[in-house]
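Asker: Give me a 3D structure for the following:
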Amino acid sequence: MVRRIAAAASSNIPTVGRAAALLASIVVALVVAAPASAQDPEPTIATGVTVSGLDVAGLTGAQATEAIQAFFDQPLSLGLDDGTISVAPANLGARARVAVAVATALAAAPDTALTLEVVIGGLKLRKWIQRRAKIFDRDAVSARARLVRLVPHLSEAKPGRVLLRLRTRVRLMGALRNHRRDTVALPFKVLRPKLSAGRFGPAVVIRRDSKRLILYRSTGPGAMRVVTSFPIATGMAAYPTPIGNFFIRTKVRHPWWYPPNRGWAAGAQPIPPGPGNPLGTRWMGLSVGGVGIHGTPDAASIGYSASHGCIRMRISSAEWLFERVRVGTPVFIVRA
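Answerer: Numbers count the residues shown, from 1 in each chain. Take a look at the predicted model:
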């Protein structure tokens, strides 16, 4: 009897071990299969925490990274003289320290206002400003005279502009670091034209075949008005007065006459101011070698092709004209 009990007891030992092993495996399986909600939750940012004004409360690290990067990547609106343009911060050499901001926000106490730091590459920003300036800058254009059907017409003057590079750089850096996304006006300087149509002054038209000199004055853009006209003498056939667009280069009262280096003046000596001076009392030299408008003591030559290329006027007429033109006055010489 005792032997049977002992045998039975010894035969039950493996059965108990197998049951214990089975129970342990069930526990492990239940732990592995436990839902994620039973694990520790991912940390989030405390209530009321902001980064440069952006509310990041309740966001996880990954969510905050995405939100802050999107906030910084918004393009800047830049105002120029003729409109606005949009440009991404990265194109201006700027990047934000997003990872530092997220880590700081996760560790921050509730209602903490944090600042998103910005790093700006100076070289890239300067190059962007230089490229923009090449597009933006333009020279001022003064009024100009051109001949239309033998009458001088004035174009309208146009102002120029130039982007102020250093001030633009300072303003852009401030906008990037302060996360401004309103329109940032870029500073520039207006360049005034040297000469407007209203202040252009006179113009002279010389009709070579008609032997007339006509003085015009400006009244604004468009056709100039006639002031008066004078009879003149022009160059003889061997020494014709040149045709073209010129301007008055010099003005001299009581000029000396110096013989030009030409065959017809060989052996001639300079003539001082006085009654016998072939230039009269006034000289208005043109922007073409050796040719000018001047008075002449030989009034009988007026109305003829009698000079060596110059435009002769009566002495009183040359003196009157001298007071009404200036260095730079355009002179149009035409065949009509």
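Asker: Over to the residue nearest the centre of the chain: give its phi and psi.
Answerer: For the chain, the residue nearest the mean C-alpha position is Asp137 (1.8 Å; Cα atoms, centre = their mean). When read as degrees, to the nearest 10, the backbone of Asp137 gives phi -70, psi 140.
Asker: Not counting its neighbours along the chain, what's nearest it?
Answerer: Val162 (4.9 Å; Cβ to Cβ, 6 or more residues apart in numbering). All C-beta atoms are positioned from the backbone trio N, CA, C, and that covers glycine.
Asker: My guess is that neighbour contacts Lys189. True?
Answerer: Yes - using Cβ atoms under 8 Å, Val162 is in contact with Lys189, at 5.2 Å.
Asker: So if I had to pick from these two, which one is more boxed in?
Answerer: Val162 (15 against 12; other Cβ atoms under 10 Å).
Asker: Any idea how far the strand or helix carrying the more buried one is from the middle of the chain?
Answerer: Counting by DSSP states H and E, the element that carries Val162 is strand 160-163. With Cα atoms, centre = their mean, to the nearest Å as the basis, strand 160-163 stands 5 Å off its chain's centre.
Asker: Check what contacts the next helix or strand along the chain from it and list those residues.
Answerer: Following strand 160-163 in sequence order, the next helix or strand is helix 165-177 (DSSP H and E). For helix 165-177, contacts defined as Cβ atoms under 8 Å, 6 or more residues apart in numbering pick out 76, 78, 89, 92, 94, 118, 120, 125-126, 129-130, 133, 180, 184, 186-187.
Asker: which intervals of the stretch 201-336 of the chain have sub-threshold pLDDT?
Answerer: Counting by pLDDT under 70, not a single residue of the stretch 201-336 of the chain qualifies.
Asker: which residues in it form strands?
Answerer: All strands of the stretch 201-336 of the chain, identified by DSSP state E, counting those that start in this stretch, fall at 203-207, 212-217, 222-223, 225-231, 234-235, 244-253, 282-286, 292-296, 305-307, 311-314, 330-334.
Asker: Dump the ones you listed to a markdown table, plus mean neighbour count and distance to Thr65.
Answerer: Shown next, in a markdown table, are those (neighbours: other Cβ atoms under 10 Å; distance: least, Cβ to Cβ, whole Å):
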| stretch | mean neighbour count | distance to Thr65 |
| --- | --- | --- |
| strand 203-207 | 23 | 70 |
| strand 212-217 | 20 | 72 |
| strand 222-223 | 14 | 64 |
| strand 225-231 | 14 | 73 |
| strand 234-235 | 22 | 85 |
| strand 244-253 | 16 | 69 |
| strand 282-286 | 23 | 75 |
| strand 292-296 | 25 | 80 |
| strand 305-307 | 19 | 88 |
| strand 311-314 | 26 | 82 |
| strand 330-334 | 21 | 68 |
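Asker: Nearest approach to Thr50 belongs to which of those?
Answerer: Closest approach to Thr50 among these is made by strand 222-223 (62.0 Å; Cβ to Cβ).
Asker: List the neighbouring strands of that closest one plus their orientation.
Answerer: Strand 222-223 pairs in its sheet with strand 151-154 (antiparallel), by DSSP bridges.
Asker: got the CA positions of the partner strand in PDB?
Answerer: This file holds the C-alpha atoms of strand 151-154, laid out as PDB (Å, rounded to 0.1, in the frame of the first residue of the first chain):
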ATOM      1  CA  VAL A 151      11.700 120.600 -84.900                       C
ATOM      2  CA  PRO A 152      13.500 119.600 -81.600                       C
ATOM      3  CA  HIS A 153      11.400 117.400 -79.300                       C
ATOM      4  CA  LEU A 154      12.100 116.700 -75.700                       C
END
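Asker: so how far is it off the chain centroid?
Answerer: From the chain centre to the centre of strand 151-154 is a distance of 30 Å (Cα atoms, centre = their mean).
Asker: can you check stretch 306-319 too?
Answerer: A distance of 48 Å separates the C-alpha centroid of stretch 306-319 from that of its chain, computed with Cα atoms, centre = their mean.
Asker: And the contacts of the strand holding Val162?
Answerer: Here strand 160-163 makes contact (Cβ under 8 Å, 6+ apart) with 81, 129, 132-133, 136-141, 186-191, 193.
Asker: Give the ChimeraX command for selecting the buried subset of those residues.
Answerer: The following ChimeraX line selects those of those that are buried, judged by 16 or more other Cβ atoms under 10 Å:
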select :129,132,133,136,140,141,186,188,191,193
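Asker: among the contacts of strand 160-163, which are in strands?
Answerer: When DSSP state E is applied, those are split such that Phe188, Lys189, Val190, Leu191 fall in strands.
Asker: Look at the second one and report its pLDDT.
Answerer: The model reports Lys189 with a pLDDT of 97.
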